[in-house]
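*Asks:* Let me see the structure of the following:
(one chain, ligands or ions: 2)
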Amino acid sequence: MTQLLYMETFGCQMNERDSEIMAQLLGEHSYVRTNKPEQADVVVVNTCSIRGKAAHKAYSCFGRYKKLKATHPNLILAVTGCVAQQDGAALLERMPYIDIVMGPQSIYTLPSLVAAFRRNQKPLVATDLSADFVIPPFLPNLAESTPHKRFITIMQGCDNFCTYCVVPYTRGREISRNFDDILAEATHLVGQGVKEITLIGQNVNSYGKKGDAKQNKSFSELLRAVAGIDGLERLRFTSSHPKDLSEELMRCFAEIPVLCPHFHLPVQSGSNTILQRMNRKYTIEAYLDKAARLREYRPDIALTTDIIVGFPGETDDDFGATMQVVETVRYHGAYSFKYSDRPNAKAADFPDKVAEEVKTERLARLQARQEEIALALKQAEIGKSVEVMVEGASKAPANQWSGRTGGNQIVNFSCETKLVSGQLLMVEIEGACQNSLRGKMI
Ligand code: 5AD
Ligand code: SF4
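*Replies:* Ligands and ions are numbered 1, 2, ... in the order given. I've put the predicted structure just below:
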């Protein structure tokens with residue numbers, strides 16, 4: 001009998017991908033997705049706990065499902081992702097209406113956990129995190145639709161222990177996935193019509209160092225192998241740690257035509273004192289040198305970053321150094337956040353916390369300047385012809401389409417004929433606003 005599944009996903013691409021896997025696994029057991037939670041037999045909430053705000057979002061959404069369960073007593077509520085891993089059985093104590101709590105490594109057992117819960121009606125907790133975990137092979141089922149772009153997990157977990165970060169505790173040790181399994185998945189996707197693949201992991205450029213990497217392949221070798229799949233038009237990856245950015249990887253940007261000219265290189269802070277206290281293992285000089293060398297290999301490369309303001313002990317001068325990096329690098333985009341304490345992360349115990357209003361003021365100043373720079377970089381595109389991959393039609397007006405450049409900028413453009421998502425075409429850029437470019441098809 002068909003059952004209905006409702007999923008709510010927070011957080012990063014790793015979570016998006018985990019949700020896709022869970023939906024497919026349950027699909028093999030007659031579950032069909034619904035977008036109405038009140039119709040669902042099973043609700044899965046895939047949570048994120050990277051920052052305090054993200055975790056709060058998850059906790060407040062549980063409250064909604066508590067209410068729903070009051071009128072739908074047979075509904076099974078499963079919580080997965082990083083909040084589930086972090087809180088484990090404590091989550092059940094605080095929120096006894098939750099039926100299943102499972103960490104990211106346990107997602108493959110979701111169908112059996114749901115079946116066990118149906119049989120026994122006893123809450124279940126599955127939060128084992130093993131360093132010997134092997135990421136199972138997975139071939140996405142694209143039967144219903146073939147989106148032109150897909151993510152592939154190539155590694156998971158993290159061994160870096162940045163002092164602000166919860167990920168080593170929620171995703172466990174760094175584990176790389178089998179090289180042949182990744183290639184098989186990529187080949188399968190491209191064979192089904194996928195045009196763009198993004199290789200994802202917490203720190204993709206340390207691929208091959210730990211876990212199922214007996215074949216001893218580096219990230220650059222993986223990139224070259226995936227890029228060689230006939231029919232693949234665009235290849236991307238995220239996210240990277242600056243300390244692991246090798247010359248070999250930089251060279252890929254000069255040598256692999258399908259590798260998109262975009263590098264997300266989280267800097268976090270521009271101050272060496274703060275970088276050291278964050279345990280980032282690079283100096284700002286080394287970071288800037290790598291950013292400059294990347295541009296030598298690929299002059300049109302778009303750099304984006306993550307920045308934390310108000311890390312414990314951050315002085316005005318430390319923050320000034322971060323502002324200086326933003327000036328020097330001229331990022332196409334930056335995700336910036338106020339520091340927040342995370343469970344288990346070392347910095348939570350650092351004594352010299354920065355006042356909330358100082359963090360707020362610094363963040364606003366940083367974001368205002370970054371927006372100006374991003375807009376100026378977009379304006380500099382006006383008059384140029386750029387290659388765009390079609391994403392789809394705009395809702396209105398008619399004959400308006402949307403796509404992305406290799407540098408991952410959104411481009412809205414006009415075209416009278418019907419286009420297909422995943423199609424590549426040239427667009428002349430005529431205008432720029434904060435979040436997108438505008439142009440006409442050539
Ligand atoms: N506080 C604020 N920002 C954080 N990030 C990670 N942990 C924290 C924290 N405790 C940011 C970093 C990271 C991004 C995904 O989230 O900038 O790169
Ligand atoms: Fe959030 Fe990090 Fe977990 Fe992704 S890995 S869901 S960003 S805490």
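*Asks:* So what's the residue count around the closest residue to F117 other than its chain neighbours?
*Replies:* Closest residue in space to F117, ignoring its immediate chain neighbours: D99 at 5.4 Å, by CB to CB, 6 or more residues apart in numbering. Heads up, the C-betas are built off the backbone N, CA and C, glycines and all. Neighbour count of D99, defined by other CB atoms under 10 Å: 22.
*Asks:* Contacts only, for D99.
*Replies:* By CB atoms under 8 Å, 6 or more residues apart in numbering, the contact list for D99 reads 76-78, 117, 123-124.
*Asks:* If you rank those by neighbours, which is first?
*Replies:* With neighbours set by other CB under 10 Å, the maximum within the contacts of D99 is found at A78, which has 26 neighbours.
*Asks:* which parts of the stretch 201-350 of the chain sit against ligand 1?
*Replies:* When proximity is defined by CB under 6 Å from any ligand atom, the stretch 201-350 of the chain lies next to ligand 1 at 266, 268, 306, 308, 337, 339-340, 342.
*Asks:* same question, the stretch 1-150 of the chain
*Replies:* Taking CB under 6 Å from any ligand atom as the contact definition, the stretch 1-150 of the chain meets ligand 1 at 50-51.
*Asks:* next one: stretch 347-359 to chain centre, how far?
*Replies:* 26 Å (CA atoms, centre = their mean, to the nearest Å).
*Asks:* For whatever residue of the stretch 301-442 of the chain ends up closest to ligand 1, which non-adjacent residue is spatially closest?
*Replies:* Proximity of the stretch 301-442 of the chain to ligand 1 (CB to the nearest ligand atom) peaks at D306, 3.3 Å away. Once flanking residues are discounted, D306 sits nearest to P266: 3.8 Å by CB to CB, 6+ apart.
*Asks:* Number of residues surrounding that neighbour?
*Replies:* For P266, the neighbour count with other CB under 10 Å is 19.
*Asks:* Name the residues of the lengthiest helix in the chain that are buried.
*Replies:* Across the chain, the longest stretch assigned as helix under DSSP state H is helix 356-379. Across helix 356-379, burial judged by 16 or more other CB atoms under 10 Å covers 358-359, 362-363, 366, 370, 373-374, 377-378.
*Asks:* ok, those residues vs ligand 2, which is closest?
*Replies:* Closest to ligand 2 out of the buried residues of helix 356-379 is L363 (18.8 Å), distances taken as CB to the nearest ligand atom.
*Asks:* Determine if any part of the longest helix of the chain is in contact with ligand 1.
*Replies:* No - using CB under 6 Å from any ligand atom, helix 356-379 stays clear of ligand 1, with a minimum separation of 9.6 Å.
*Asks:* contacts for that helix?
*Replies:* 302, 307, 309-310, 314, 319, 322-323, 326-327, 330-334, 336-339, 409, 432-434, 436-437.
*Asks:* Among these, name the ones in strands.
*Replies:* Mapping these onto strands (DSSP state E) picks out 302, 307, 309, 333-334, 336-338, 432, 436-437.
*Asks:* which pair in those residues spans the largest distance?
*Replies:* K338 and L437 (29.7 Å; CB to CB).
*Asks:* With neighbour numbers in mind, choose between the two.
*Replies:* L437 (25 against 18).
*Asks:* which residues does the closest residue in space to the more buried one that isn't next to it in sequence contact?
*Replies:* Nearest non-adjacent residue to L437, counting by CB to CB, 6+ apart: V411, 4.6 Å away. For V411, the contact set (CB under 8 Å, 6+ apart) comprises 386, 388, 402-405, 427, 429, 436-439.
*Asks:* Chain neighbours aside, what residue packs nearest to the closest residue to ligand 2 within the stretch 151-300 of the chain?
*Replies:* Nearest to ligand 2, among the residues of the stretch 151-300 of the chain, is V167, at 4.8 Å (CB to the nearest ligand atom). Once flanking residues are discounted, V167 sits nearest to C158: 4.8 Å by CB to CB, 6+ apart.
*Asks:* same deal with F311?
*Replies:* Leaving aside its chain neighbours, F311 sits nearest to Y339 (4.7 Å; criterion: CB to CB, 6+ apart).
*Asks:* that older thread, turn the ones in strands among the contacts of helix 356-379 into TSV, including pLDDT.
*Replies:* Converted to TSV, those look like this (pLDDT from 0 to 100):
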residue	pLDDT
A302	98
I307	98
V309	98
G333	98
A334	98
S336	98
F337	98
K338	98
A432	97
S436	96
L437	97
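*Asks:* Flag every residue of this protein that's near ligand 2.
*Replies:* Within the chain, the positions lying close to ligand 2 (CB under 6 Å from any ligand atom) are 11-12, 14-15, 48-50, 81-82, 166-167, 170-171.
*Asks:* one more time with 8 Å
*Replies:* Residues of the chain lying near ligand 2 by CB under 8 Å from any ligand atom: 10-15, 46-50, 54, 81-82, 104, 166-167, 170-171, 202.
*Asks:* would you list every one of the strands in the stretch 101-250 of the chain?
*Replies:* 124-126, 149-153, 155-156, 175-176, 196-200, 234-238 (DSSP state E, counting those that start in this stretch).
*Asks:* State the distance from N272 to E285.
*Replies:* N272 is 8 Å from E285, where distance means CB to CB, to the nearest Å.
*Asks:* Show me which of the two is the more surrounded one.
*Replies:* Shown here are N272 and E285; by other CB under 10 Å, N272 has more neighbours (17 against 9).
*Asks:* need the contact list for the more buried one.
*Replies:* 283-284, 321.
*Asks:* List only those of those flagged as buried.
*Replies:* Buried members of those, scored by 16+ other CB under 10 Å, are 284, 321.
*Asks:* will you turn the contacts of N272 into TSV that also has pLDDT?
*Replies:* Shown next, in TSV, are the contacts of N272 (pLDDT from 0 to 100):
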residue	pLDDT
T283	98
I284	98
A321	98
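*Asks:* Out of the contacts of N272, which sit inside helices?
*Replies:* 284, 321.
*Asks:* Next one: whatever residue of the stretch 251-400 of the chain ends up closest to ligand 2 relative to S246, how far apart?
*Replies:* Across the stretch 251-400 of the chain, the shortest distance to ligand 2 (CB to the nearest ligand atom) belongs to R342, at 8.7 Å. Distance of R342 to S246, computed by CB to CB: 29 Å.
*Asks:* Looking at those two, which is more packed in?
*Replies:* Remark: of R342 and S246, R342 carries more neighbours, 24 against 15, as counted by other CB under 10 Å.
*Asks:* Just give the closest residue to that one, not the sequence neighbours.
*Replies:* Excluding the flanking residues, the one nearest R342 by CB to CB, 6+ apart is V166, at 4.0 Å.
*Asks:* quick one: low-confidence parts of the stretch 1-150 of the chain?
*Replies:* Applying pLDDT under 70 to the stretch 1-150 of the chain picks out residues 143-146.
*Asks:* Okay then, goodbye and thanks.
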